[in-house]
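A.B. asks: Sequence isn't available, so here's the structure alone:
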């Protein structure tokens, strides 16, 4: 940061010419000089340096964001692959169970159909009328 040079003598003389008493002019001069000494002012170079640092920080953040996005995409792809594998495995198990269930159901239906045919023939023979 830069400090501003302040000509106290010229300031006092300007105030005296304007009709301010010398003691007040000196007091004003001292107050202004002290405020300039404690104040830190930014120069164009300071601002340019700060701007350059900010641009570097933004560039680093963008780079980190790209890396995070890439890692996130990879993680999502991995999870998607895992879910597809689990889905395929589960689907395969369900298909086997459904196939087994179909076979069992078919056995029962055929058995019942044969039993019904036998029952029908038995009923016809039992209730047949001799003519």
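C.D. replies: On my side now, so go ahead. Values in this document were obtained by computation on a predicted structure and should not be read as measured data. Numbers count the residues shown, from 1 in each chain.

A.B. asks: Quick one: distance of stretch 83-101 to the chain centre.
C.D. replies: 34 Å (Cα atoms, centre = their mean, to the nearest Å).

A.B. asks: begin at 20 from here
C.D. replies: Let's use 20 as the start, then, which means that last one is stretch 102-120.

A.B. asks: average pLDDT for that stretch?
C.D. replies: Per-residue pLDDT values across stretch 102-120 average out to 92.

A.B. asks: what's the answer for stretch 141-150, then?
C.D. replies: 76.

A.B. asks: any weak-confidence spans in the chain?
C.D. replies: 20-23, 57-58, 148-150 (pLDDT under 70).

A.B. asks: mind running it again at 80?
C.D. replies: 20-27, 53-61, 147-150 (pLDDT under 80).

A.B. asks: all helices of it, in order?
C.D. replies: Along the chain, counting by DSSP state H, helices occupy 27-36, 41-57, 63-145.

A.B. asks: Pipe those into JSON lines and attach mean neighbour count per row.
C.D. replies: To be clear about C-beta, it is placed using only N, CA and C from the backbone, and glycine gets the same treatment. Below are the helices of the chain laid out as JSON lines (neighbours: other Cβ atoms under 10 Å):
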{"stretch": "helix 27-36", "mean neighbour count": "14"}
{"stretch": "helix 41-57", "mean neighbour count": "13"}
{"stretch": "helix 63-145", "mean neighbour count": "10"}
